[in-house]
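Participant: Structure, please.
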Amino acid sequence: SLLGEQPKTRMDFSTPRRALESIPRRKPSLPPELIEMAETMLLDKKLEDDYVQGCLTFLEKSERWEILAVGVYLCTDLLKNYAQSSLIYVDGPRVPTTIDGKNDVVSPLSHDLAICISRALLQTSAKNLEHKEPRVRTLVAKAVGAVIALKEEALQEATEELYNSILGSLHTHLEAGRDSSLESYSKSSTGALDDTTGWRALETNWQGLAAFIAAAGDSYFEHYSLSEKLLEACEYSCITHVNRHVRAAGIATIEQWIKCCSANEAHSNLILEPESPLRRTVIKVLKVSLADNWSQVRMAASVLCRALWQSLLQFPYEDRKVESLYPTLIPRMCLNRFYLAQGVKLYSHETWMILFGQGGGLEAVASNAGAVCRYYVKMCDADNHAVREAACQAVAELAQKLGSHPEFADSLQNYVTALLQALLMCFHDESWPVRDEACLACGRFCRAYPEECRSELPILRERWLEQLTDQIWSVREDAAVALGDAMVAYPNELQPVMLKFMKDKIPAARNQPAMTKEEYLKHANDIDAHTEQQLYSCGSLAPKLRKGGAGRIGCSSCGITRPKAPWEATDGCIYLMREIVQVCCDDQSNQLELTDDALLPLFEEMLDVCRVKHFPQADDLRATLFRQLPAIARALGKQRFKRNYLHFILDIIIDTLDSGTASALSKHAAGQCCEELGTLVGAGIFRGRLEDYQQEIYDRVMQERKNMPKGPVSDGMSPFGPKGLIPSTLHPALHSAVTQSVEGTPS
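Facilitator: Okay, here's the model as predicted:
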């Protein structure tokens with residue numbers, strides 16, 4: 001089939017050899033003489049002149065885009081190897097390639113051939129800046145950088161002509177706007193026109209300009225001026241343009257200008273002077289792009305933000321004039337450390353450490369608390385649910401770090417009410433991750449600012465208790481954590497309420513409708529029950545691609561939800577018991593007392609209810625119990641737990657370990673629970689409380705656990721990607737100082 005043939009006929013530009021190997025398999029077939037030339041160039045023993053002549057021939061024979069693309073790619077690769085340059089064009093952090101980029105077909109060039117190829121590439125690039133094939137335009141952009149990197153005086157006139165051609169094409173495309181021939185398509189019934197189609201060569205023109213600037217380096221401003229018209233065009237492309245690829249390419253171009261300024265002291269005033277046109281443009285772009293709805297653009301802006309700070313850090317503090325930057329950049333940099341996209345999150349964390357060191361930046365945030373809080377409140381009402389989730393996490397960080405700091409706590413005092421109202425709005429969000437983070441943040445604010453939050457306590461208490469019975473297990477657990485934080489602030493108001501809630505809700509699992517595992521699996525695998533149904537977005541129970549509510553989109557626009565299950569209320573009570581015990585038994589908290597007379601009946605009831613087996617999720621309920629028991633035991637203390645509570649839990653743990661029908665997760669949790677409790681009270685004491693037949697089961701499980709591998713595999717993959725995925729790009733002059741700062745030594 002045609003679909004099956006596509007991988008075989010696809011052009012491959014990963015290495016020169018693979019690019020040449022792509023030519024014979026293209027359909028429809030390319031001219032026979034060009035196929036023969038490609039096969040000849042692939043032979044092991046080749047003369048340099050013959051190979052270069054083949055590359056130049058490909059540049060001339062441009063009737064088919066495939067031949068032109070291969071010619072541009074091969075010539076670019078030859079020049080890159082000749083200049084020994086590994087950087088032609090960079091538009092953000094990328095995963096390090098596993099393919100050796102060195103030309104695997106021919107030896108390095110002589111100087112004369114390098115000049116010859118450069119002239120041909122300059123001519124070809126000028127002709128194909130606006131080629132209809134995007135892959136050709138992208139390769140042309142990289143070719144521009146390869147030629148400029150040679151910095152040959154003999155090519156200066158031609159490179160200036162190419163530079164002017166790129167600028168002319170840029171301005172022409174910006175004035176022309178979207179291709180008018182596509183307007184009828186967007187209005188027809190055959191399909192919808194997305195925001196990335198119809199902009200022709202605008203993106204690749206910015207890429208080509210970025211490559212040109214990067215290759216020219218510190219000599220760029222010696223030959224070319226940064227006009228106001230060009231800056232305005234770049235600002236428009238970065239901020240206003242609807243195409244995210246154009247915005248990202250424009251941001252990358254500004255990044256190269258910043259690096260050129262920092263590399264040439266004669267032009268450092270372009271980034272040091274607050275009223276400099278370039279610096280003003282950078283700040284305007286970062287203000288919008290660091291909050292862009294597309295992660296691709298937000299990543300490009302994060303790279304630009306780091307480039308700006310690294311450039312400024314090279315100069316004495318009094319010359320940087322950074323105070324005016326903080327109100328704009330600090331709030332956005334802070335929030336992006338919590339953004340859902342891992343690349344943006346990790347890169348922003350590293351940038352923060354470069355600027356402030358490990359654990360630093362509190363003073364900067366406190367000094368700009370007004371700007372930070374206003375931005376966070378605005379982002380709590382953003383259309384994008386991922387942004388709202390990050391905003392709630394960032395607000396929680398303010399409460400945790402500033403609210404508990406003896407010196408900076410007062411800086412947040414005037415904004416607590418506004419932040420709490422924003423969190424309450426997110427508390428009613430249809431996206432469960434947003435509700436989850438808002439729930440935690442409210443608890444931390446109550447703990448840090450109890451008097452300011454007291455007026456909202458009735459609403460918060462109602463929402464926390466409601467979330468304890470939520471369909472999502474992490475929402476239930478975090479609701480319990482938030483209640484634990486609030487109980488520290490309001491012990492007398494919340495402890496009786498929480499104990500009564502547990503008394504009422506712990507037995508709920510007994511009311512769960514009976515269902516066998518076979519019935520559950522049959523329902524889960526019922527094709528008819530899952531065909532032609534509403535699609536749902538990740539991160540919420542809201543229908544996908546439906547807009548509603550208060551103008552929100554996608555995952556956060558609908559109130560559809562599934563009914564809560566009774567057993568989930570019991571599950572939430574297990575987490576709540578852990579929090580109550582930890583708060584009440586904390587040596588630093590003398591306000592609360594939790595006697596055995598109050599706790600033991602609830603503890604026994606919880607264990608008894610968790611023995612139910614009439615529904616499939618009962619194993620999940622027991623797994624939750626086993627995971628929380630060690631924390632409860634540690635909070636109660638070794639002697640108290642061993643004396644009054646240990647004997648109640650032995651039967652249910654051993655029965656689960658010996659069960660032939662229990663889930664693997666519940667059995668693993670039971671084994672982990674045995675191991676941790678044995679460590680707490682003593683393995684011999686724990687084993688001695690068991691019956692003879694139970695001791696055999698216990699010994700077998702402990703032996704199995706002893707044989708299990710401990711810790712992560714040495715070469716394992718982190719969920720954030722391989723080590724070194726985002727390499728540090730510290731300027732050498734800063735590396736020592738930042739390393740000392742991160743390690744906690746004076747710099």
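Participant: if we look at stretch 262-272, which residues are touching it?
Facilitator: Here stretch 262-272 makes contact (Cβ atoms under 8 Å, 6 or more residues apart in numbering) with 217-219, 221, 226, 257-258, 260-261, 276-279, 282, 308, 310-312, 314-315, 319-321. To be clear about C-beta, it is placed using only N, CA and C from the backbone, and glycine gets the same treatment.
Participant: Narrow the residues you listed to those in helices?
Facilitator: Assigned to helices by DSSP state H, the following of the contacts of stretch 262-272 qualify: 221, 257-258, 260-261, 277-279, 282, 308, 310-312, 319-320.
Participant: Can you tell me which of these is nearest residue 483?
Facilitator: residue 308 (43.0 Å; Cβ to Cβ).
Participant: ok, of the ones in helices among the contacts of stretch 262-272, which come out buried?
Facilitator: With burial judged by 16 or more other Cβ atoms under 10 Å, the buried subset of these is 221, 257-258, 260-261, 278-279, 282, 308, 310-312, 320.
Participant: Which of these sits closest to residue 389?
Facilitator: Lowest distance from residue 389 to these (Cβ to Cβ) belongs to residue 308, with 27.0 Å.
Participant: For that closest one, give its distance to residue 211.
Facilitator: Noted for residue 308: a distance of 20 Å to residue 211, by Cβ to Cβ, to the nearest Å.
Participant: Can you name the residues that contact the nearest residue to residue 380 once chain neighbours are set aside?
Facilitator: Counting by Cβ to Cβ, 6 or more residues apart in numbering, residue 422 is the residue found nearest to residue 380 once chain neighbours are left out, at 3.9 Å. Contact analysis of residue 422 by Cβ under 8 Å, 6+ apart lists 376, 377, 380, 381, 391, 395.
Participant: Tell me which two of those sit farthest apart.
Facilitator: Maximum pairwise distance in the contacts of residue 422, criterion Cβ to Cβ, is 12.4 Å, between 381 and 395.
Participant: the more surrounded of the two?
Facilitator: The neighbour comparison of residue 381 against residue 395 (other Cβ atoms under 10 Å) goes to residue 395, with 31 against 15.
Participant: give me the element that one is part of.
Facilitator: Counting by DSSP states H and E, the element that carries residue 395 is helix 385-397.
Participant: buried sites along the next helix or strand after that helix?
Facilitator: For helix 385-397, the following helix or strand on the C-terminal side (DSSP H and E) is helix 416-427. Across helix 416-427, burial judged by 16+ other Cβ under 10 Å covers 416, 419, 420, 422, 423, 424, 425, 426, 427.
Participant: Report the buried residues of the helix or strand following helix 416-427.
Facilitator: Following helix 416-427 in sequence order, the next helix or strand is helix 432-448 (DSSP H and E). Using 16+ other Cβ under 10 Å as the test for burial, helix 432-448 gives 432-448.
Participant: Packing partners of helix 432-448?
Facilitator: Counting contacts by 3 or more Cβ pairs under 8 Å, 6 or more residues apart in numbering; DSSP states H and E, helix 432-448 packs against helix 385-397, helix 416-427, helix 450-453, helix 457-467, helix 473-489.
Participant: The longest one versus helix 457-467: what angle between them?
Facilitator: Okay, so that is helix 473-489. 150 degrees (axes from the mean of the first three to the mean of the last three Cα atoms, to 10 degrees).
Participant: Cool, thanks, signing off.
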